[in-house]
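Visitor: Sequence and predicted structure below; questions after.
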Amino acid sequence: MVGFIHTPACTQFFSNFNGILPRRPLEEPQGTPYEPWWVHRLSFPALVTFPTYKKTQEITKLITSALQTDARISLDAATMSTAIIIIFLALTMGTSGGAIRPVVTLIPNWGNVLHGDEVTLRCDMPSTVPEESRASRTYHWYKDKSPIFRDQHQQTLRRAPSTLLDSGQYQCRVGASDISDAVTLNVTISSVILQRPPSAIYEGDPLTLKCHHLKEYSSVPPRFFKNNQEIKSQFPDSEFRIQKVDLNTSGLYKCSKQIEFPGRSGYREFSDEFLLSVKELFSPPEIKVTPSRIIAGDNMTVRCDTRRDPLRGGTELHFAFYRDGRTVRGYNVSDTYRVPSSQLEDFGIYTCDVRTASGAVRKMSDGFHNQMYDYTVQNIIRLVISGFVLAASLCLIYFHNKW
């Protein structure tokens with residue numbers, strides 16, 4: 001953003017404001033002095049480098065106070081609007097990337113663990129963020145929205161052995177980035193737990209469940225159930241895996257395991273269960289055609305309308321269109337198929353197919369039958385009917401006068 005502000009075009013643009021805005025310093029809400037944000041030709045260095053996690057209300061209050069206390073200001077509506085746009089861009093973009101958020105990962109990737117298990121939390125930045133020297137990065141950790149005071153150059157947070165006090169919601173921040181979404185860790189005291197991933201499960205995701213017990217005890221292979229019906233696991237390591245889930249995967253899952261305790265003869269059976277609800281990645285598509293009434297020669301637009309889940313809004317979808325079962329456009333990231341100057345052969349039953357980039361989730365729309373409205377034929381019919389009505393009227397008038 002700083003580089004953008006200092007480009008020649010922007011320098012010329014901001015130079016038009018020279019002398020309009022005051023040249024007085026701002027102070028950070030905590031009282032730390034900042035460089036003037038309108039230094040000389042309004043290059044806005046302090047505003048641009050202002051940490052993006054500062055509250056917008058505090059910055060707005062400071063700017064408003066500065067403007068109101070300087071008698072030299074005379075801003076018309078257009079100038080004020082431009083200034084507000086510049087402030088908004090600086091606040092949302094900034095040097096930290098604004099919307100860039102780190103991601104908290106659990107290692108191993110279980111949302112629930114037993115008391116005494118080892119757990120490591122790692123704070124990762126998205127791959128789209130340029131790699132910088134790790135030594136210069138600072139990591140800030142939070143548990144239940146309260147900061148965890150520790151070495152800020154450590155990317156991981158280790159809980160070994162874990163205790164009940166480690167249960168909670170964890171977040172992290174890298175430098176001045178936005179704070180991550182929360183990841184929940186649940187530590188329990190039990191003989192057997194059914195472990196599952198910490199985050200929500202969506203259509204197309206792989207799913208692994210584990211019937212877990214303390215390592216110091218011996219056990220026999222577990223049994224898994226879904227809705228009280230036993231399901232067979234193909235893996236001998238106490239895990240049940242599904243390569244790709246769908247909405248039908250939802251249900252009540254349970255595992256049962258026999259454990260032998262030291263000093264006791266025989267095995268005792270323990271179980272745990274949880275309700276799995278698979279979330280819809282995107283809604284079933286629906287064909288929408290505009291305009292609603294089309295005649296030959298009109299431009300026609302066919303849209304494949306679907307809604308992504310907000311938490312997976314970045315999912316890349318591909319769209320294909322069909323007319324009367326035949327492909328009119330193959331898979332493409334555009335959800336719109338356009339027909340310029342439509343003709344009779346462009347009409348029929350349209351359907352669309354939506355899938356993820358990997359093809360793991362695919363959904364087809366219902367058919368939509370669009371018809372061509374031939375106003376020429378309609379006008380001829382209307383003209384003939386009008387002619388008959390006129391002729392009948394003239395005949396009635398003629399015979400009425402004759403009688």
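Guide: Thanks, I have the structure now.
Visitor: Is residue 349 in contact with residue 367, as I believe?
Guide: Yes - judged on CB atoms under 8 Å, residue 349 makes contact with residue 367 at a distance of 4.4 Å. Every C-beta, even on glycine, is put in place using the N, C-alpha and C of the backbone.
Visitor: Near the closest residue to residue 213 other than its chain neighbours, how many other residues are there?
Guide: Closest residue to residue 213 apart from its sequence neighbours, by CB to CB, 6 or more residues apart in numbering: residue 192 at 5.0 Å. Applying other CB atoms under 10 Å, we find 23 other residues in the vicinity of residue 192.
Visitor: and what of residue 104?
Guide: Based on other CB under 10 Å, the number of other residues close to residue 104 is 23.
Visitor: And for residue 336?
Guide: For residue 336, using other CB under 10 Å, the count is 15.
Visitor: distance of it from residue 329?
Guide: 10 Å (CB to CB, to the nearest Å).
Visitor: Check the secondary structure at residue 141 for me.
Guide: strand (DSSP: H, G, I helix; E, B strand; the rest coil).
Visitor: and residue 137, what are its phi and psi?
Guide: phi -80, psi 140 (degrees, to the nearest 10).
Visitor: Sketch out the low-pLDDT regions of the stretch 301-403 of the chain for me.
Guide: 373-383, 402-403 (pLDDT under 70).
Visitor: show me where it has helices.
Guide: 375-402 (DSSP state H, counting those that start in this stretch).
Visitor: Just the strands from it, written as ranges.
Guide: For the stretch 301-403 of the chain, the strands defined by DSSP state E, counting those that start in this stretch cover 317-323, 326-332, 336-339, 348-356, 362-364, 368-370.
Visitor: What residues sit buried inside stretch 335-346?
Guide: Residues of stretch 335-346 classed as buried: 335, 337, 339, 342, 346 (neighbour count, 16 or more other CB atoms under 10 Å).
Visitor: So the fourth one is in contact with residue 290, correct?
Guide: No - with the criterion set as CB under 8 Å, residue 342 and residue 290 do not qualify as a contacting pair; they are 11.7 Å apart.
Visitor: list the residues that contact both of the two?
Guide: Common neighbours of residue 342 and residue 290, using CB atoms under 8 Å, 6 or more residues apart in numbering, are residue 300.
Visitor: Number of residues surrounding the nearest residue to residue 365 once chain neighbours are set aside?
Guide: Nearest residue to residue 365 in three dimensions, chain neighbours excluded: residue 285, at 4.2 Å (CB to CB, 6+ apart). For residue 285, the number of neighbouring residues by other CB under 10 Å comes to 22.
Visitor: Now do the contacts for residue 285.
Guide: By CB under 8 Å, 6+ apart, the neighbours of residue 285 are 304-306, 319, 352-354, 363-365.
Visitor: could you give the mean pLDDT of stretch 163-176?
Guide: Mean per-residue pLDDT for stretch 163-176: 94.
Visitor: Could I get the CA-only coordinates of it as CSV?
Guide: Provided in CSV are the C-alpha atoms of stretch 163-176 (Å, rounded to 0.1, in the frame of the first residue of the first chain):
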residue,chain,number,x,y,z
THR,A,163,-4.7,-31.2,31.2
LEU,A,164,-8.3,-30.2,31.6
LEU,A,165,-7.1,-26.5,31.9
ASP,A,166,-5.9,-26.7,28.3
SER,A,167,-9.5,-27.0,27.0
GLY,A,168,-10.7,-23.9,25.2
GLN,A,169,-10.6,-22.0,22.0
TYR,A,170,-7.2,-21.1,20.5
GLN,A,171,-6.4,-18.3,18.1
CYS,A,172,-3.2,-16.8,16.7
ARG,A,173,-1.9,-13.7,15.0
VAL,A,174,1.3,-13.2,12.9
GLY,A,175,2.8,-9.8,13.3
ALA,A,176,0.1,-7.2,12.6
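Visitor: ok, and for it, which residues are buried?
Guide: In stretch 163-176, counting by 16+ other CB under 10 Å, buried: 166-168, 170-176.
Visitor: Where strands are concerned, which of the residues you listed count?
Guide: Among these, the ones falling in strands (DSSP state E) are 168, 170-174.
Visitor: Name the nearest of those relative to residue 145.
Guide: Ranked by distance to residue 145 (CB to CB), those are led by residue 171 at 7.5 Å.
Visitor: what about that closest one, distance to residue 246?
Guide: For residue 171 relative to residue 246 (CB to CB), the value is 31 Å.
Visitor: Check residue 202 too.
Guide: 10 Å.
Visitor: more neighbours, those two?
Guide: Neighbour count, other CB under 10 Å: between residue 202 and residue 246, residue 202 has more, with 19 against 15.
Visitor: how close does the more buried one sit to residue 394?
Guide: 73 Å.
Visitor: Now the helix or strand hosting residue 287 - C-alpha only, CSV.
Guide: Assigned by DSSP states H and E, residue 287 belongs to strand 286-290. Output of strand 286-290 as CSV, limited to C-alpha atoms (Å, rounded to 0.1, in the frame of the first residue of the first chain):
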residue,chain,number,x,y,z
GLU,A,286,-30.9,-23.4,-10.2
ILE,A,287,-31.2,-22.3,-13.8
LYS,A,288,-32.2,-18.7,-14.3
VAL,A,289,-32.8,-17.2,-17.8
THR,A,290,-33.1,-13.5,-18.7
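Visitor: the inter-axis angle of that strand versus strand 348-356?
Guide: For strand 286-290 against strand 348-356, the angle by axes from the mean of the first three to the mean of the last three CA atoms, to 10 degrees is 130 degrees.
Visitor: Averaged pLDDT, strand 286-290. What do you get?
Guide: 95.
Visitor: Now it: buried residues?
Guide: 287-289.
Visitor: got a markdown table for the strands of the stretch 301-403 of the chain, with distance to residue 227 too?
Guide: Converted to a markdown table, these look like this (distance: least, CB to CB, whole Å):
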| stretch | distance to residue 227 |
| --- | --- |
| strand 317-323 | 31 |
| strand 326-332 | 36 |
| strand 336-339 | 41 |
| strand 348-356 | 27 |
| strand 362-364 | 25 |
| strand 368-370 | 37 |
